[in-house]
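Trainee: Quick one, what's the 3D model for this:
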Amino acid sequence: MGYHVVKLLLDLGEEVTIVTLSSRDEWLNNVKGQGAKVFIGDARDESFLIKSGIENVDAVIACTHNDGTNVEISLDVNRICHNKRTIARIIDPSLARHAEKHLGVHRAIAMTAAAAPTFAAATFGDSVLTELKVNHERYLALRVDGPHHLTEKPLVAISPTGECLFHERKELQAGETAVVMTHSDTMIERAPKHQRTHSLLKALAPTSVFKFIHSVWGNTSVQLRAVLVAIFSVIVISVLVFQNGMKLSLVDSLYFTVTTATTTGYGDLSPKDAANWVKLYTCGMMVICSAGLAILFSVVTDYILTARMLQLRGHHHVPERGHVIVVGVGTVGYRTVAELVRLKTPLVAVEQSEDSPYLSHIRPNTHVVVGDGREPETLIIMRKRSWPSLLATR
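Mentor: Below is the predicted model:
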């Protein structure tokens, strides 16, 4: 990372001094050729830091691969030179906030948090160039390619030849590019949405009803299945018994069976004038069906509780198409998932191990698949033929 920061500063015409323990020879030769000064040593050594000319610089950027080292260097700079601006690369966002608020670091950039909007926006075609915070509000600089109608005022429009065009233009032609600044909340409007129109009609469709019944049946124990089959059989037999024993029509027999089984008993039909065996059969049926209703309610309750527990474990409904898959729930993946959830984008998160410290944070809002994203079996579980975007963040 430090090499690219140095290259950018040199391209902007800034004077740059580099302090590093080691680096690639080709990188050092490249930046030296562009005028950068290079000191090989440990920036945590106060005397070496002073020797490198710390007192004559405008700002210090600590961008090693270790958060503690970057914070230590920033604190040393603040202690030696109180008026120097310090910028630190910090992976942990909570540590970055703490460093800015309590440790005197002017700007602590959490790279995982900075990368998350870029990953999220890339899923639906936008390119996030950078993220800015003004008065605790998040703003994103986006690259938009034409043809496109700009709803935001562009900072600059660039022609296919690289010429900067008038920044008031609203219509981008093919081949033109614009850089726009927008509030992060407007990204929700750009995010892919799962089509929810006519959701009630879809839920009542025969296929949806069949899937629901199949799901309930699949979550029921073998014993409860046997009881439900027995109750259904009793109801079918009862319709035939009452039709013949009480001389009822098929519809009246079904009506009487249901009112008796549910203990409703309107009183318009009764077996008081029927044969004794019919009365005894009715008594037995009422006892069986009363128990059956209690069992039926327990099955429904068990299904609801199971569904809720699965949600807490990260098993949410996933659309058959139009969702995003994030493979790897590490520091970057976790924050990418959080950004996509904020954008209300349907997604599936795939993590190789149950031991990931981030799974418990994303499971309440995200469907989680535990498995290796490189394995064909995991891809099948993720419905590999129906996703529009896949993000590999491990």
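
Trainee: Could you use CA atoms for every contact and neighbour count after this?
Mentor: Will do.

Trainee: Could you look up the SS state of the closest residue in space to A96 that isn't next to it in sequence?
Mentor: Among residues not flanking A96 along the chain, A108 sits closest, at 5.0 Å (Cα to Cα, 6 or more residues apart in numbering). For A108, the assignment made with DSSP: H, G, I helix; E, B strand; the rest coil gives strand.

Trainee: Identify the bridge partners of A108.
Mentor: Beta-bridge pairing of A108 under DSSP bridges involves A88.

Trainee: Check whether it really touches I87, as I assumed.
Mentor: Yes: because the distance of 5.8 Å satisfies Cα atoms under 8 Å, A108 is recorded as touching I87.

Trainee: quick one, what contacts the residue nearest to A96?
Mentor: By Cα atoms under 8 Å, 6 or more residues apart in numbering, the residues touching A108 are 87-90, 96-97, 99-100.

Trainee: Quick one, grab the pLDDT at it.
Mentor: At A108, the model reports a pLDDT of 88.

Trainee: what about it, distance to T118?
Mentor: Going from A108 to T118 by Cα to Cα, to the nearest Å gives 18 Å.

Trainee: try Y3
Mentor: 21 Å.

Trainee: Comparing the two, which residue is more hemmed in?
Mentor: The neighbour count for Y3 versus T118, taken as other Cα atoms under 10 Å, is higher for T118 (20 against 15).

Trainee: name the element that one belongs to?
Mentor: Assessed by DSSP states H and E, T118 sits inside helix 111-122.

Trainee: counting contacts, what elements does that helix pack onto?
Mentor: Packing partners of helix 111-122 (3 or more Cα pairs under 8 Å, 6 or more residues apart in numbering; DSSP states H and E): strand 127-134, helix 331-342.

Trainee: tell me the mean pLDDT for the first one?
Mentor: The reference is to strand 127-134. Per-residue pLDDT over strand 127-134 has a mean of 70.

Trainee: circling back: with respect to burial, which of the helices and strands packed on helix 111-122 scores highest?
Mentor: Among these, helix 331-342 has the highest mean neighbour count (mean count of other Cα atoms under 10 Å), at a mean of 22.

Trainee: Low-confidence bits of the stretch 1-150 of the chain, can you list those?
Mentor: Scanning the stretch 1-150 of the chain for pLDDT under 70 picks out the ranges 121-128, 130-132.

Trainee: again, only using 90
Mentor: Counting by pLDDT under 90, the ranges of the stretch 1-150 of the chain that qualify are 1-5, 7-8, 10-13, 21-25, 27-28, 43-56, 65-68, 78-84, 90-104, 106-150.

Trainee: ok now do I288, which residues does it touch?
Mentor: I288 neighbours (Cα under 8 Å, 6+ apart): I231.

Trainee: Likewise for the one 4 residues further on?
Mentor: For G292, the contacting residues are 227-228, 231, by Cα under 8 Å, 6+ apart.

Trainee: Can you tell me which of these is nearest G245?
Mentor: Set against G245, the nearest of the contacts of G292 by Cα to Cα is I231 (20.0 Å).

Trainee: correct me, but that closest one touches A291?
Mentor: No: between I231 and A291 there is no contact under Cα under 8 Å: 9.2 Å.

Trainee: the longest helix in the chain is where?
Mentor: Using DSSP state H to define each element, the chain has its longest helix at helix 276-312.

Trainee: following that helix, which helix or strand shows up next?
Mentor: Counting by DSSP H and E, the element after helix 276-312 in chain order, helix or strand, is strand 324-327.

Trainee: returning to that earlier point: between I231 and A291, which has more neighbouring residues?
Mentor: I231 (22 against 14).

Trainee: quick one: the more buried one from L224, how far?
Mentor: Distance of I231 to L224, computed by Cα to Cα: 11 Å.

Trainee: Flag the shaky bits of the stretch 251-394 of the chain, pLDDT-wise.
Mentor: Scanning the stretch 251-394 of the chain for pLDDT under 90 picks out 256-279, 281-394.

Trainee: Could you rerun that using 70?
Mentor: For the stretch 251-394 of the chain, the stretches with pLDDT under 70 are 307, 310-322, 377-394.

Trainee: Just give the nearest non-adjacent residue to D92, would you?
Mentor: In this structure, D92 finds its nearest non-sequential neighbour in A110, 6.0 Å apart by Cα to Cα, 6+ apart.
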